[in-house]
Structure formats: structure tokens, C-alpha cells
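1. Need the 3D shape of this:
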Amino acid sequence: VQLQASGGGLVQAGGSLRLSCAASGRPFDTYDMGWFRQAPGKEREFVAAISRNGGSTYYRDSVEGRFTISRGNAKNTVWLQMNSLKSEDTAVYYCAAGRRGLVALTTHYDYWGQGTLVTVSS
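-> I've put the predicted structure just below:
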């Protein structure tokens, strides 16, 4: 499956952004979807995941209550709504697809998008 992430940009602390990830190539609803991020000089880390039918979600603690992952299987798209952004949210954000459940390990995802840069100014 091919993934195309978009929606990044520059935003002030406290602001909001909505990332999108469009999928193509294979049945979208057979994949669990995840968002990861990588800040300069740091390892890629898990942000959020959503199950194939959208019924279950999973977040890293630091974004719980601020970020919301959702998906529209009819549109082959997964979104990440990010509110109350902080400077520490600055990173390149990647979407990923896998079939191993709602997991936080990068190695459990099979397909990756190219990333979209989110910069939060303080």
C-alpha cells in the first residue's frame, strides 16, 4: 500500500493542525494505521494508532487528550487532529500501515508514508 502524508506546517504553541494520510494500492480497511514522529536527533516514536474499523484507538501518554486519530475507510484516509500543540511536538510526522494490531513498535508496521513536517513555535 502507498501512503501520502500531508497537512504539516508552522503553527504557534497552543494552535492546531490536522494531518492527513491518503492510502492507495491495497484494501485500506484491512490495515491498522499508525502515526509516528521523529524530531531532529531523536528516534522515531509512536504517536497514535487506530484499528481497521476505527473502533479502537491508542495514544502515547504525552498526546492523550490533545490529539485524535480517526479514519474514513470510504476515503482511504487516516487523520491526526492535533490541538494544544507544544514546542515538543515539533517533528516530522509519518503515517504507517500494518496488520499486527494497535502497536507502538515501528518494526510492526509494513508500509510508511514520506512524512510531513510540523513545526510548533513557542
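
2. Now the nearest residue to residue 75 once chain neighbours are set aside: which helix or strand?
-> By the measure of C-beta to C-beta, 6 or more residues apart in numbering, the closest residue to residue 75 outside its immediate chain neighbours is residue 22, 8.0 Å from it. Using the backbone N, CA and C atoms, a C-beta is placed for each residue, glycine as well. Take DSSP states H and E as the rule and residue 22 turns out to sit in strand 17-24.

3. Summarise which helices and strands that strand is packed against.
-> strand 2-6, strand 32-38, strand 77-82, strand 91-98, strand 116-121 (3 or more C-beta pairs under 8 Å, 6 or more residues apart in numbering; DSSP states H and E).

4. and the helix or strand following the first one, which residues are buried?
-> Stepping forward along the backbone from strand 2-6, the first helix or strand reached (DSSP H and E) is strand 9-12. Using 16 or more other C-beta atoms under 10 Å as the test for burial, strand 9-12 gives residue 11.

5. Can you name every helix or strand that strand 9-12 contacts?
-> Going by 3+ C-beta pairs under 8 Å, 6+ apart, strand 9-12 lies up against strand 116-121.

6. tilt between the strand it packs on and strand 2-6?
-> Inter-element angle recorded for strand 116-121 and strand 2-6: 20 degrees (by axes from the mean of the first three to the mean of the last three C-alpha atoms, to 10 degrees).

7. what comes into contact with strand 116-121?
-> Outside strand 116-121, the residues that touch it by C-beta atoms under 8 Å, 6 or more residues apart in numbering are 5-13, 15, 17, 19, 37, 82, 85-93.

8. hang on, the earlier thing: so which of the helices and strands packed on strand 17-24 comes closest to residue 108?
-> Closest approach to residue 108 among those (C-beta to C-beta): strand 91-98, 5.4 Å.

9. That closest one: how far from the chain's middle?
-> 5 Å (C-alpha atoms, centre = their mean, to the nearest Å).
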